[in-house]
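K.L.:
okay, sequence plus prediction incoming.
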Amino acid sequence: MSIRVNPWFLKKALTLKPDDPKGSCCSPGRDHVDGQTATPDASAFQRNSTGNTEGMKLIPGGEFLMGNEGDYGFPADGEGPVHTVEIAPFYMDATCVTNEQFNEFINATHYKTEAEIFGWSFVFYGHLTPKQQATAVRSRVLGSEWWCRIDGATWRHPEGPGTNIKKRWKYPALHVSWNDAIAYCAWAGKRLPTEAEWEFAARGGLVQKRFPWGDELEPGGKHRMNVWQGKFPVQNTEADKYYGPAPAQTYQANGYGLYCMTGNVWEWVWDWFHPDYYLKSPRENPTGPTATDRRMMRGGSYLCHSSYCNRYRTDARSSNTPDSSTGNLGFRCVRDVE
């Protein structure tokens, strides 16, 4: 599938480099537009074992090697050094929280997401209608012109007014901030996974492999996750059958029965971000550094491509402000073992 783009957008986008701090195929933050800085909250990490375990998988816990020191990573993200971590057993959602599940939460609590409160969220340029694209040049993110601020974009209206989720109930809930995810978790009697729990679970019992199934991106020529196919951000061949997000339960599950731990959509985790945290991270059940201004995201998304951003790995890291929301960012929950 060839995607037509504004010539100016194409020229500008292709001048950016993968390590350009101003450009990101990951998820732009609200500070890119409003210049605002998130206020660190004072909430402490708390375990939770009250939620229902339906749809969750028991992750056995144990010892594993976290991080990577390979030349394919991003040093600025703090992916190394490799260090030993011990994790207690826990339950994890087999999939990201879906629109159907998030809708139940909204109906029960009448919660308003931050995208609804702010009145806008970030949408990928290629998902906009021709009419939206004609005006999107005024709302693009400087340095990441494939991202546009779209008024009215929310979890209910992923590409803005006129779009809906009627045929996407089994897809990941998107345009959800870290704060929104925390609110959902509290309602469900669960919590967000720590970064260490997420990586342990994503690896599925494998040791120091890039992907949940091994080191080969497409073993036997078979697609195992939803990432960009073609020339980013101009053309997507949809060789993996998807141009945007895929249903939450797509492709083969990993060794722990978890779906789409890499690719498809980024996932919020509990921890604050600091690039040097692995240098002083505790061995047992780490919960992240003290408050900074960004929360961790893991897993990569359908916009990741090896030519620009290969963060669709079990050990890759990224971050965003806790009030930010985009069309490629969701979450899944965990629950502690009683």
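P.N.:
Arrived safely. Everything numeric in this text was worked out from a predicted model, so none of it was measured.
K.L.:
quick one: contacts for Gln101?
P.N.:
Taking Cβ atoms under 8 Å, 6 or more residues apart in numbering as the definition of contact, the neighbours of Gln101 are Ala173. Using the backbone N, CA and C atoms, a C-beta is placed for each residue, glycine as well.
K.L.:
swap that for His127, please
P.N.:
Pro158, Glu159, Tyr243, Gly244, Gly327.
K.L.:
state the pLDDT value of the first one.
P.N.:
You'll see Pro158 listed with a pLDDT of 98.
K.L.:
report how many residues lie close to it.
P.N.:
23 (other Cβ atoms under 10 Å).
K.L.:
that one contacts Ala173, doesn't it?
P.N.:
No: between Pro158 and Ala173 there is no contact under Cβ atoms under 8 Å: 9.5 Å.
K.L.:
and stretch 278-298, how far apart are its ends?
P.N.:
With Cα to Cα, to the nearest Å as the measure, stretch 278-298 spans 15 Å from end to end.
K.L.:
may I see the buried residues of that stretch?
P.N.:
Residues of stretch 278-298 classed as buried by neighbour count (16 or more other Cβ atoms under 10 Å): 278, 281, 285-289, 292-298.
K.L.:
return the subset of those lying in strands.
P.N.:
With DSSP state E as the criterion, strands contain Arg295, Met296, Met297, Arg298 from among the buried residues of stretch 278-298.
K.L.:
per-residue pLDDT, Asp180?
P.N.:
Reading off the per-residue confidence, Asp180 sits at a pLDDT of 97.
K.L.:
roughly how far apart are it and Glu218?
P.N.:
With distances defined as Cβ to Cβ, to the nearest Å, the gap from Asp180 to Glu218 amounts to 34 Å.
K.L.:
and those two? which has more neighbours close in?
P.N.:
Residue environment comparison for Asp180 versus Glu218 gives the larger neighbour count to Asp180, 26 against 12, counting by other Cβ under 10 Å.
K.L.:
which one of the ones in strands among the buried residues of stretch 278-298 is nearest Pro193?
P.N.:
Top of the list for closeness to Pro193, among these and by Cβ to Cβ, is Arg298 at 8.6 Å.
K.L.:
return the set of residues that bridge with that closest one.
P.N.:
Following DSSP bridges, Arg298 is listed with bridge partners Glu267.
K.L.:
pretty sure Arg313 is one of the things it touches, is it not?
P.N.:
No: here Arg298 lies out of contact with Arg313, judged by Cβ under 8 Å, at a distance of 9.5 Å.
K.L.:
now this structure, which segments are flagged as low pLDDT?
P.N.:
Within the chain, the stretches with pLDDT under 70 are 1-25, 31-42, 137-138.
K.L.:
format the buried residues of stretch 278-298 as JSON lines; extra columns: distance to Lys167.
P.N.:
Compiled in JSON lines, the buried residues of stretch 278-298 are given as follows (distance: Cβ to Cβ, whole Å):
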{"residue": "Tyr278", "distance to Lys167": "41"}
{"residue": "Ser281", "distance to Lys167": "42"}
{"residue": "Asn285", "distance to Lys167": "40"}
{"residue": "Pro286", "distance to Lys167": "40"}
{"residue": "Thr287", "distance to Lys167": "38"}
{"residue": "Gly288", "distance to Lys167": "37"}
{"residue": "Pro289", "distance to Lys167": "41"}
{"residue": "Thr292", "distance to Lys167": "39"}
{"residue": "Asp293", "distance to Lys167": "37"}
{"residue": "Arg294", "distance to Lys167": "33"}
{"residue": "Arg295", "distance to Lys167": "30"}
{"residue": "Met296", "distance to Lys167": "31"}
{"residue": "Met297", "distance to Lys167": "26"}
{"residue": "Arg298", "distance to Lys167": "27"}
